[in-house]
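Asks: only geometry, no sequence info:
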């Protein structure tokens, strides 16, 4: 079956540090890949997505590149802010079979001033 | 509507009572999903609707949980005889076919 594996959290950084949150997936075919962000007490919001190999999704200074060869979709940001503190979920939607998205377990990011 | 709408946003109920949680998907979205998220945990898939049929009910944790959907519109998740372990936020999401799924703000359920 499909699966998404994210690095364990929490990730703790100082403001303006570089962020990487690793995400790898297992799926047949060419799934679409997503990063969602959940701020405290809120639902999940779409952060960025990529629908085919080598696509780069970007939003609010965050980026992730769809790497088919390594089945990865790592999230990066060059300079984090305190307001980026949240839980980040990597997800895939399969290209065939079930429509059900598969989510990673989430990675908590804490940014200190 | 503009986004996925869920109600109630917060519900406190006594153990043993039934609760109904409602989800209004984005207009035109054919797929609708229910997830459960316990405090500090990831997403637990409950059920998925394509139109008003539910091809996959495998995530419903027990027969106390049921869900229905009217056409390609509103869905209701019902929990009968609530237990304390049902306390969680229940997230609804919708999508058009295999495109991006959009989440509501969730219904926060506390069973006391």
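Replies: In hand now; what should we look at? On a predicted model such as this, the values are computed, not experimentally measured, just so you know. Numbers count the residues shown, from 1 in each chain, chains lettered A, B, ... in the order given.
Asks: what residues does the closest residue to residue A:112 other than its chain neighbours make contact with?
Replies: Excluding its sequence neighbours, the residue lying closest to residue A:112 (Cβ to Cβ, 6 or more residues apart in numbering or on different chains) is residue A:14, at 5.5 Å. Just so you know, the C-beta spots here come from the backbone N, C-alpha and C atoms, and that holds for glycine as well. If you count contacts by Cβ atoms under 8 Å, 6 or more residues apart in numbering or on different chains, residue A:14 has them with A:111-113.
Asks: and the pLDDT for residue A:14?
Replies: Note on residue A:14: pLDDT of 97.
Asks: got it, and the one 4 residues further on?
Replies: Confidence per residue is given as pLDDT, and for residue A:18 that number is 98.
Asks: that one reaches residue A:63, doesn't it?
Replies: No. Judged on Cβ atoms under 8 Å, residue A:18 makes no contact with residue A:63 at a distance of 11.6 Å.
Asks: now do the shared contacts for the two.
Replies: Here residue A:18 and residue A:63 share the contacting residues A:76-77, scored by Cβ under 8 Å, 6+ apart.
Asks: out of these two, which sits in the more crowded spot?
Replies: A direct count of neighbours by other Cβ atoms under 10 Å in any protein chain shown for residue A:18 and residue A:63 places residue A:63 higher, at 17 against 10.
Asks: element containing that one, please.
Replies: Element membership for residue A:63 (DSSP states H and E) is strand A:62-65.
Asks: spatially central residue in chain B, please.
Replies: residue B:34 (3.7 Å; Cα atoms, centre = their mean).
Asks: quick one, what contacts that one?
Replies: So residue B:34 contacts B:23, B:46-48, B:67, B:75, B:77, B:90-92 (Cβ under 8 Å, 6+ apart).
Asks: where is pLDDT lowest across these?
Replies: Lowest pLDDT among the contacts of residue B:34: residue B:48, 91.
Asks: okay but that residue is in contact with residue B:67, surely?
Replies: No. Assessed by Cβ under 8 Å, residue B:48 is found out of contact with residue B:67, at 9.6 Å.
Asks: what touches both of those two?
Replies: What both residue B:48 and residue B:67 touch, as defined by Cβ under 8 Å, 6+ apart, is the set B:34, B:54.
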